[in-house]
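> predicted structure and sequence below. I'll ask about it afterward.
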Amino acid sequence: MEKIAFLFTGQGAQYVGMGKTFYDEYEVARQTFEEANDVLGFDLTKICFEGSLGELSKPENIQPALLTVSVAAYRVYMKEIGIAPHFYAGHSLGEYAALTCSGAIRFSDAVKIVRERGLLTKQIMESDIGAMTIIDGIDSKLVEEECKKISTEQQFVSINCYNSPLQVAVAGHKEAVELLEEKVLEMDGNVTPLFRNAPFHSPLMQDTAEKLKGYLDQITFFPFRNAVISNPTALPFGDYGTIADKLAVQMVKPVKWQKTMQFLKKYGVTLAIEMGPKNVLCNLVKGNTPEIDAFCFGQREDRNILFDRLNQNEMLKKHVPTVITKCLAVAVSTPNKNWDNEEYRKNVVEPYANIQKMQEELDEQGALPTKEQMIEALEMLRTVLQTKKVPVQEQIEWFHHIFEETATYYEFKDFDILQENKFEKVT
């Protein structure tokens, strides 16, 4: 059986015009860009589609831009295909898109976070003390040894991204990075300096990480739908209450992408889908785990292959959720704290039975639910959760997941079920 991982790229995949095909062809992508514009208070769409590469590449622009393109791609996928992944993994900045698409961060909050991260990045770039470069063709252990030889207490360089067996990125003080570049060239390796980039995932980002942590502490996070692999550990995040801490740590610790790919292979992933504008991570999949098929949803040719491969897989398509099936699942799975039998029968058992009958009829017809039927299911779930005395925040989390997983957030963004002050208070 197909086992899927979604991959989200970081900086370096950008180009002017990225995401425009999605924007032109899919309403959910346009809505995603428009939401980002509203959150930021400026026209990010125009910068992505019409601006100069220099303007787009400014850290305060490129970070929300890549996030928006990645989330738009994901939402198009969920709308058109809908088969959820088993794992999410993002490279560097891409981790924010992975967390967003896993349901752990609201998109609007993620846009604010990466905008702040970009502004903090800009400050360290303006100090001009750090640099980054990509090294190809040299074993990572040899690069580590050379880093140790070059580094001193005053000037250091270290690997900040373990991308594949023969590709790493390094970061540190400019002079130390330049010395390492010279040494790599002597060893017949290749170097690609990353201009206009901060020394991410290195100790030089410690002050930035602390400032970012202060911002992250103000954000509400949610449980994951499926596992998100953390950059510094190459293991699942675990409890969603640790997200703020781990995103701060990510700023100063190396990205263990090679180990991330090995983790996905170990747990049986057969298909990796890159949710980004270019096939950057697809190339790293081939370099790390050639057994895993990799396609970039942002590339039309790959997208068409995925449409054919996944939409014709009846076994997987049977499990594509709808608003009604998700509402039924949540209604059953949430614990009950109301022991009034009559109230439970009237407000849980009977409404659930009505919606279950509706779903059975849809199954017989091979039909998808109408908006009116979805609203009826949502009202049923709202009544069930309130009757079961599910805490308000948990109710909000459930509806957040339903709308994101079924790509219906914009259809119901003004639905009063999302408004916390509309819920009955549960103590």
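In hand now; what should we look at? Numbers count the residues shown, from 1 in each chain.

> so Ile135 sits in a strand?
Yes: counting by DSSP: H, G, I helix; E, B strand; the rest coil, Ile135 is located in a strand.

> check contacts around it.
Val143, Gln167, Val168, Ala169, Val170, Leu180, Val184, Gly189, Asn190, Val191 (C-beta atoms under 8 Å, 6 or more residues apart in numbering). (C-beta placed from N, C-alpha, C; glycine too.)

> again with Glu301
Per C-beta under 8 Å, 6+ apart, neighbours of Glu301: none.

> can you tell me the SS state at it?
Glu301 - assigned by three-state DSSP - is helix.

> how about His173, phi and psi?
Main-chain dihedrals, His173, degrees, to the nearest 10: phi -60, psi 150.

> count the neighbours of it for me.
By the criterion of other C-beta atoms under 10 Å, His173 has 21 neighbours.

> over to the one 5 residues further on?
Here the count is done by other C-beta under 10 Å, and Glu178 has 17 residues near it.

> do the same with Ser70
Ser70 has 33 nearby residues by other C-beta under 10 Å.

> Asn354 too?
Neighbours of Asn354 (other C-beta under 10 Å): 12.

> picking that back up, just the buried members of the contacts of Ile135?
Val143, Gln167, Val168, Ala169, Val170, Leu180, Val184, Gly189, Val191 (16 or more other C-beta atoms under 10 Å).

> ok, and the closest non-adjacent residue to the fourth one?
Meaning Ala169. Cys161 (3.8 Å; C-beta to C-beta, 6 or more residues apart in numbering).

> tell me what whatever helix or strand the one you found lives in is packed against?
Counting by DSSP states H and E, the element that carries Cys161 is strand 157-164. In terms of contacts (3 or more C-beta pairs under 8 Å, 6 or more residues apart in numbering; DSSP states H and E), strand 157-164 is packed against helix 140-150, strand 167-173, helix 174-186, helix 257-266, helix 280-288.

> ok, which of those comes nearest Leu362?
helix 257-266 (34.5 Å; C-beta to C-beta).

> now the closest one: buried residues?
Quick answer for helix 257-266 (16+ other C-beta under 10 Å): Trp257, Gln258, Lys259, Thr260, Met261, Phe263, Leu264, Lys265.

> okay, now the unreliable bits of the stretch 251-400 of the chain?
317-318 (pLDDT under 70).

> now do the strands in it.
271-274, 293-296 (DSSP state E, counting those that start in this stretch).

> tell me the most buried of the ones you listed?
strand 271-274 (a mean of 26; mean count of other C-beta atoms under 10 Å).

> quick one on the thing from earlier: okay, and the beta partners of the residue nearest to Ala169?
Judged by DSSP bridges, the bridge partners of Cys161 are Ala169, Val255.

> distance of it from Ala171?
8 Å (C-beta to C-beta, to the nearest Å).

> higher neighbour count, those two?
Neighbours were tallied for Cys161 and for Ala171 using other C-beta under 10 Å; the higher tally belongs to Ala171 (27 against 24).

> spatially central residue in this structure, please.
Ala98 (1.6 Å; C-alpha atoms, centre = their mean).

> list the contacts for the residue nearest to that residue when sequence neighbours are not counted?
Nearest residue to Ala98 in three dimensions, chain neighbours excluded: Gly90, at 3.5 Å (C-beta to C-beta, 6+ apart). Contact partners of Gly90, counting by C-beta under 8 Å, 6+ apart, are Leu7, Phe8, Thr9, Gly10, Tyr96, Ala97, Ala98, Leu99, Val228, Asn231.

> what's the neighbour count on Gly137?
Neighbours of Gly137 using other C-beta under 10 Å come to 12.

> oh, that last question was meant for Val332, not what I typed.
There are 11 residues near Val332, going by other C-beta under 10 Å.

> about what we covered before: the strands of the stretch 251-400 of the chain into CSV, with extra columns for distance to Asn37?
Shown next, in CSV, are the strands of the stretch 251-400 of the chain (distance: least, C-beta to C-beta, whole Å):
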stretch, distance to Asn37
strand 271-274, 25
strand 293-296, 25
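
> please consider this matter closed, and thank you.
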